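Asker: Please work out how this folds:
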Amino acid sequence: MLTDAQKTAILGVFDALWDVKNARGKSIAEPFDLLPDKNAWKDYYRVIPHPRSLNGVKESFGSGTYQTTQAVYDDLTLVFANALHFNEDGSVIHNDARTLKTTLEKAWQAEPELNPPRPATPARPAAAAPSAAPYDDLDASPVGATGETNWESMKPRDKAGDEMVRKTEASLPKWKGPSLEGWMSLEGQAARDPYKVYADIINRLKTVKDKGADTLVSDAFNRISEAAVLPELSFSVTLIENRVASRGYPAPKDFDMDMARLFEKGRRWFEEGSKDYGRILILQRLYQGLTSSAGAAAAINRTAEHNFASIPAGPGFAKPLHSAGSTSHDAVTTYRIQNKDRSFTEEITFKGMTYKSGDYVHLMNPNDPSRPIIGQVFKLWIPDNGTPGERGIAVCWYFRPEQTFHPPQRPFWEHEIFKT
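Answerer: Modelled structure (predicted):
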């Protein structure tokens, strides 16, 4: 039951949300006050399983529906989480939803009468009827949960344990940076002008277009600031092109390392989950295919419709091989590792990074490039009959919260993932 002091504090949070104004002095909370018209926005109600509005939450609050402060916070968060999920990244409504979500978090924490909120439901709730049939075997509910789950009983993360993890990580040896192995090589291709190869690769990256649009993916490069906030990564496409034009790369490895730094700058500049972050990963994935081996370069263009991913479907969409209802398109996972024509190895080095069994990697997500697949390396192998330079890994991938099916009030820890 909410106390009078808690009710007053919650009303103060509502006021804080409505006090956020745009450049014209209008409250940006207004579009979130009422739910979209059901006849005009049928897609919204198909995609969003638990619609919420500021007015609806306030009416429920006024009628005494909420018994805990956390329940109020969850529904307010869901107002903006739904908007972030439904609206295109970069749109006015998407940006306003992000601003109000941040305002909610700060205003709530500033009220001493309100209990600190648990980590809220992610900004991409599971849709009731996704466009592709998902692999719905994964349930994010606690093991042994039956009937109605009391989420209030979940204990907060142990701060002492977090501090122990930080100290342990601080004591581990630091990564010394990329090695000189595994980089681009033109060995056996003496007849080719390496600078023509470099220019062709850059031009190929510049031709990739966004799915279903006429905009260039490489536009993301132009939005990476050349400011000195990342002095160790002071690279740009223009700088690399100038070096190519002046024949300033002693070896393919040097060109490859500059491109790797450019992609790293893009990943660090844009927020994970944003459209431009996904664009950088698309370009990097294409680049990796063009420069890793002759076989990969020949195959990479055939995967354009999957954002150049090596698999046609990712977490939440792929079905296990030979499972009921699977097809040649989405049956991409299996419980067995193929042994034929493969020689397994303890480690492989790619673009200066050495990978071993147990390491975690990011893989291109064919369904959402801005949310790379999180995988743990299980096996590493070299194809017996492949082209020089080919390497392969088998991984167990993990689900992010928004890729699971869960009750809307289900809380998640920051960066929590689920083993499949």
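Asker: Only the buried residues of stretch 246-265, if you could.
Answerer: By neighbour count, with 16 or more other C-beta atoms under 10 Å as the criterion, the buried positions of stretch 246-265 are 249, 252-253, 255-265. For every residue, glycine as well, the C-beta is placed using N, CA and C.
Asker: Would you confirm that residue 89 contacts residue 277?
Answerer: No. Using C-beta atoms under 8 Å, residue 89 makes no contact with residue 277, being 9.3 Å away.
Asker: And the helices in the protein, which stretches?
Answerer: Applying DSSP state H to the chain gives helices spanning 4-18, 42-47, 54-62, 69-86, 92-110, 159-171, 194-206, 219-222, 237-245, 252-269, 275-292, 294-300.
Asker: Out of those helices, which is closest to residue 370?
Answerer: Proximity to residue 370 (C-beta to C-beta) singles out helix 275-292 among the helices of the chain, at 3.3 Å.
Asker: Excluding its own residues, what touches that closest one? List them.
Answerer: 88-90, 184, 201, 204-205, 208, 210, 217-221, 223, 256, 259, 263, 266-267, 270-271, 296-297, 299-300, 303, 307-309, 350-351, 364, 368-372, 389-390 (C-beta atoms under 8 Å, 6 or more residues apart in numbering).
Asker: Let's test this: mean pLDDT of it, rounded?
Answerer: Average pLDDT, helix 275-292: 92.
Asker: between it and helix 194-206, how many degrees?
Answerer: 150 degrees (axes from the mean of the first three to the mean of the last three C-alpha atoms, to 10 degrees).
Asker: still on that earlier bit, between residue 89 and residue 277, which contacts overlap?
Answerer: residue 370.
Asker: Which of the two has more residues huddled nearby?
Answerer: Set side by side, residue 89 and residue 277 show more neighbours around residue 277, with 21 against 16, by other C-beta atoms under 10 Å.
Asker: For the stretch 201-350 of the chain, give me the ranges with low pLDDT.
Answerer: 225-234, 294-298, 320-331, 335 (pLDDT under 70).
Asker: Go again with 80.
Answerer: Applying pLDDT under 80 to the stretch 201-350 of the chain picks out residues 224-235, 293-303, 316, 318-338.
Asker: Can you give me the buried ones in the longest strand belonging to the chain?
Answerer: The residue-count maximum for a strand in the chain (DSSP state E) belongs to strand 373-383. Buried residues in strand 373-383, counting neighbours by 16+ other C-beta under 10 Å, are found at 373, 374, 375, 377, 380, 381.
Asker: related to what we said a few turns ago, what subset of the contacts of helix 275-292 is buried?
Answerer: Burial by neighbour count, judged by 16+ other C-beta under 10 Å, picks out 89, 184, 201, 204-205, 208, 217-218, 220-221, 256, 259, 263, 266-267, 270, 296-297, 300, 303, 307-309, 350-351, 364, 368-372, 389 from those.
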